[in-house]
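>>> Structure for the following, please:
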Amino acid sequence: MRKFNVNVNGKAYYVEIEEAGGETAVPVTTAPKAAPAPVAPVKTVETVGGTAVVAPMPGQILDFSVAEGASVKKGDKVIILEAMKMENEIVASADGVIHFLVKKGDSVDSGAKLATIK
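Below is the predicted model:
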């Protein structure tokens, strides 16, 4: 058994690999570490009495379903977020007027504030 520590998307995993019998092990060279994917900085906005719309997962902003400053109802589709080649509809978390904190093409992390609703 050969033992390795592997990092995938910032998470460390311990793995054991069994070598196939009869073959000579070939040394593995370490590839250069890839730079992490760019993440859009999350803008902070004073939200006195407002409600945040947050990203449930990391992804990229594809489109907006409503215009900036539009009146929305809780449950209305407001943002399309692409994650793992799938389009996910992000809905309004409250009734009110929406103010977006991201733009099309931004990459966001899980839990990032995407918009505020006042």
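>>> ranges for the strands of this protein?
In chain order, the chain shows strands spanning 2-8, 11-17, 51-54, 59-64, 71-72, 77-83, 86-91, 96-100, 107-108, 113-117, with DSSP state E as the criterion.
>>> Turn those into CSV, including mean pLDDT and mean neighbour count.
In this view, the C-beta of every residue, glycine as well, is placed from N, C-alpha and C. Formatted as CSV, the strands of the chain follow (pLDDT from 0 to 100; neighbours: other CB atoms under 10 Å):
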stretch, mean pLDDT, mean neighbour count
strand 2-8, 81, 9
strand 11-17, 80, 8
strand 51-54, 91, 18
strand 59-64, 95, 17
strand 71-72, 95, 16
strand 77-83, 93, 18
strand 86-91, 91, 14
strand 96-100, 94, 18
strand 107-108, 94, 20
strand 113-117, 93, 21
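>>> Any idea what the residue lying closest to Glu68 once chain neighbours are set aside is bridged to?
The spatially closest residue to Glu68, leaving aside those adjacent along the chain, is Phe100, at 5.6 Å (CB to CB, 6 or more residues apart in numbering). Taking DSSP bridges as the rule, Phe100 bridges to Ala115.
>>> looking at it, Phe100 is touching Ala115, isn't it?
Yes - with contact defined as CB atoms under 8 Å, Phe100 counts as touching Ala115 (4.8 Å).
>>> quick one: common contacting residues for the two?
Common neighbours of Phe100 and Ala115 (criterion: CB atoms under 8 Å, 6 or more residues apart in numbering): Ile79.
>>> Which residues are in contact with the closest residue to Ala12 other than its chain neighbours?
Of all residues not flanking Ala12 in the chain, Asn5 sits nearest, at 6.1 Å (CB to CB, 6+ apart). Contacts for Asn5 were tallied using CB under 8 Å, 6+ apart; they are Ala12, Tyr13, Tyr14, Val15.
>>> ok, now which ones touch the closest residue to Phe4 other than its chain neighbours?
What sits nearest to Phe4 in space, not counting adjacent residues and going by CB to CB, 6+ apart, is Val15, at 5.2 Å. By CB under 8 Å, 6+ apart, the contact set of Val15 is Lys3, Phe4, Asn5, Val6.
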